[in-house]
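**Student:** Have a look; sequence and predicted model below, questions after that.
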Amino acid sequence: MSTRYGFTLIELLVVIVIIGLLAGIGIASFGGSLERSKIAKAQSDLKEIKDIATAAQLASGKTLIQITGSNCSLCYYCRGLGDLRNVADTHTCAVAWDNIVTTINATGGAISGISDIKRDPWGSPYYVDENEGEYSATDCRRDFFASAGPNGTIDTYSLIDNHYISTSDDILISIPLSSTCP
């Protein structure tokens, strides 16, 4: 009578294939959760920025464009640069964001606190588009803060019901209109 000790080559190969498949699924799930956490971090940063900017508007009685004086860091300094993840801290796009943060913090007084929010989780500077009062005192389009998102490039967005909506992977958050707008 012969006793069998061990596994056949086929049995070992089947076990190795199963372990490989499970590892692949686990790695793919982990990668997706990392990206979701970066998106959540960018959304959290933008909400914090929005809350402090709104508080600065209330404290000063000014619109965001009156506070920052920049009109649009998106328009003049950041759009068309391609991948913003590689923009140096000395580039006008990053410097414009730093200046906006500094100005909002100074206007917000005791409610300041966004000076440490420099770049999104992918490394791109955040940006802003100040729209309310841009062309006239009765121009009541919403301002927004944004991240270029995972691909690092500023993509397209649309104004729907006075809210800006990203049509790509950019992450946008609108700011409530001031009391001068209906």
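**Tutor:** Here it is on my side, so go on.

**Student:** where does the most centrally placed residue in the chain sit relative to R36, distance-wise?
**Tutor:** Nearest to the mean C-alpha position of the chain, counting by CA atoms, centre = their mean, stands S147 at 2.9 Å. Counting by CB to CB, to the nearest Å, the gap between S147 and R36 amounts to 14 Å. The way it works is simple: take the backbone N, C-alpha and C, and place the C-beta from them, glycine included.

**Student:** and what of Q43?
**Tutor:** Per CB to CB, Q43 is found 11 Å from R36.

**Student:** Comparing these two, which shows the higher neighbour count?
**Tutor:** Each of Q43 and R36 has its neighbours counted (other CB atoms under 10 Å); Q43 has more, 14 against 10.

**Student:** Do you know the pLDDT at the more buried one?
**Tutor:** On pLDDT, Q43 comes in at 93.

**Student:** Who are the contact partners of it?
**Tutor:** Applying CB atoms under 8 Å, 6 or more residues apart in numbering, one finds that Q43 lies in contact with 171, 173.

**Student:** State the helix or strand in which it lies.
**Tutor:** Using DSSP states H and E, Q43 sits within helix 9-60.
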